[in-house]
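My questions are about this predicted structure, shown below with the sequence.
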Amino acid sequence: MAEPTNRQDRAKKQAAEAAIEFIQPGMIVGVGTGSTVNYFIDALANIKQEIEGAVSSSEASTQRLKDHGIPVYDLNGVGALQVYVDGADEITSQLHMIKGGGAALTREKIVAAVAETFICITDDSKQVEMLGDFPLPVEVIPMARSYVAREIVKLGGDPVYRDGVVTDNGNVILDVYNLHIDNPIELENKLNQITGVVTNGLFAARGADIALISNGDTLTTLHKNETR
Ligand SMILES: O=C[C@H](O)[C@H](O)[C@H](O)COP(=O)(O)O
């Protein structure tokens, strides 16, 4: 990828490259999705001889990994995964996140669930006091779309169908506006209870363990245990 010229892209790249420090020889690396992760994949390519390969959270990341000659493994054939590296749309000081702006939330949550350590890489524009300014993505089985939307309205949200988007799993996305997310774990669980919801983009019950956040010049590292 060309050298970034703007501050936000420089920040994404710095955070992504910092995550390479956590990659040990022989690892199979869990890889997220998005523009920040693309910088991580490119950096991973520089040490591809040292790692065994990757598990991917999307068709897009799989393609990029393969283009770099990094072997991509099926998660079902991989027992333990030490590290998962992914971006976020919003992140709090508790390392709770909103994810899924790129519609990859379900596979991301699955790979994150398997990994021992979730490393979130972001630019500092994603840091928030409270989650919810970014509309919360919810992946839904297509035939349940209207029902799920009505149930989300009962929870106080304004769901908007992400027209034309089909996830890697063949489902649709509702982006939920105007949620007051003062208890992200509770809302994550409530949304999961709605029949027809596959996944929601709150990563709070299992948030990140480490966040690498850059402003384009300086890198800040946050650890989950220090923030609770
Ligand atoms: O579905 C997409 C993912 O959750 C991304 O990790 C998230 O949207 C952040 O993407 P980006 O690094 O492009 O801001």
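Nice, I can see it.

In the host helix or strand of Ala112, which residues are buried?
Using DSSP states H and E, Ala112 sits in helix 105-114. By neighbour count with 16 or more other CB atoms under 10 Å, helix 105-114 contains the buried residues Leu105, Thr106, Arg107, Glu108, Lys109, Val111, Ala112. C-beta: built from backbone N, CA, C; applies to glycine.

I'd like these as JSON lines, with distance to the ligand and pLDDT appended.
Converted to JSON lines, the buried residues of helix 105-114 look like this (distance: CB to the nearest ligand atom, whole Å; pLDDT from 0 to 100):
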{"residue": "Leu105", "distance to the ligand": "5", "pLDDT": "98"}
{"residue": "Thr106", "distance to the ligand": "9", "pLDDT": "98"}
{"residue": "Arg107", "distance to the ligand": "9", "pLDDT": "98"}
{"residue": "Glu108", "distance to the ligand": "5", "pLDDT": "98"}
{"residue": "Lys109", "distance to the ligand": "9", "pLDDT": "98"}
{"residue": "Val111", "distance to the ligand": "11", "pLDDT": "98"}
{"residue": "Ala112", "distance to the ligand": "10", "pLDDT": "98"}
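
Could you measure from the closest residue to Ala144 other than its chain neighbours over to the ligand?
Spatial nearest neighbour of Ala144, chain neighbours left out: Gly196 (2.4 Å); criterion: CB to CB, 6 or more residues apart in numbering. With distances taken as CB to the nearest ligand atom, to the nearest Å, Gly196 is found 20 Å from the ligand.

Gly196: how many residues sit nearby?
Using other CB atoms under 10 Å, Gly196 has 17 neighbouring residues.

when you give positions from now on, start the count at 9
All set: I'll call the first residue 9, so the last point we hit is now Gly204.

what's the pLDDT at it?
Per-residue pLDDT puts Gly204 at 98.

how far does the helix holding Ala120 sit from the chain's center?
8 Å (CA atoms, centre = their mean, to the nearest Å).

And it, what does it pack against?
With contacts defined as 3 or more CB pairs under 8 Å, 6 or more residues apart in numbering; DSSP states H and E, the packing partners of helix 113-122 are strand 36-39, strand 61-64, strand 89-94, strand 144-148, strand 205-208, strand 210-211.

among these, which is nearest Asn223?
strand 89-94 (19.3 Å; CB to CB).

quick one on the thing from earlier: given the next helix or strand after the helix holding Ala120, what are its sheet partners and their directions?
Next in sequence after helix 113-122, counting helices and strands by DSSP H and E, comes strand 123-131. The pairing partners recorded for strand 123-131 under DSSP bridges are strand 89-94 (parallel), strand 218-222 (parallel).

would TSV of the ones you listed with distance to Thr125 be doable?
Shown next, in TSV, are these (distance: least, CB to CB, whole Å):
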stretch	distance to Thr125
strand 89-94	5
strand 218-222	7
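
now the ones you listed in JSON lines, with mean neighbour count, mean pLDDT and distance to the ligand?
Shown next, in JSON lines, are the strands paired with strand 123-131 (neighbours: other CB atoms under 10 Å; pLDDT from 0 to 100; distance: least, CB to the nearest ligand atom, whole Å):
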{"stretch": "strand 89-94", "mean neighbour count": "24", "mean pLDDT": "98", "distance to the ligand": "5"}
{"stretch": "strand 218-222", "mean neighbour count": "23", "mean pLDDT": "98", "distance to the ligand": "12"}
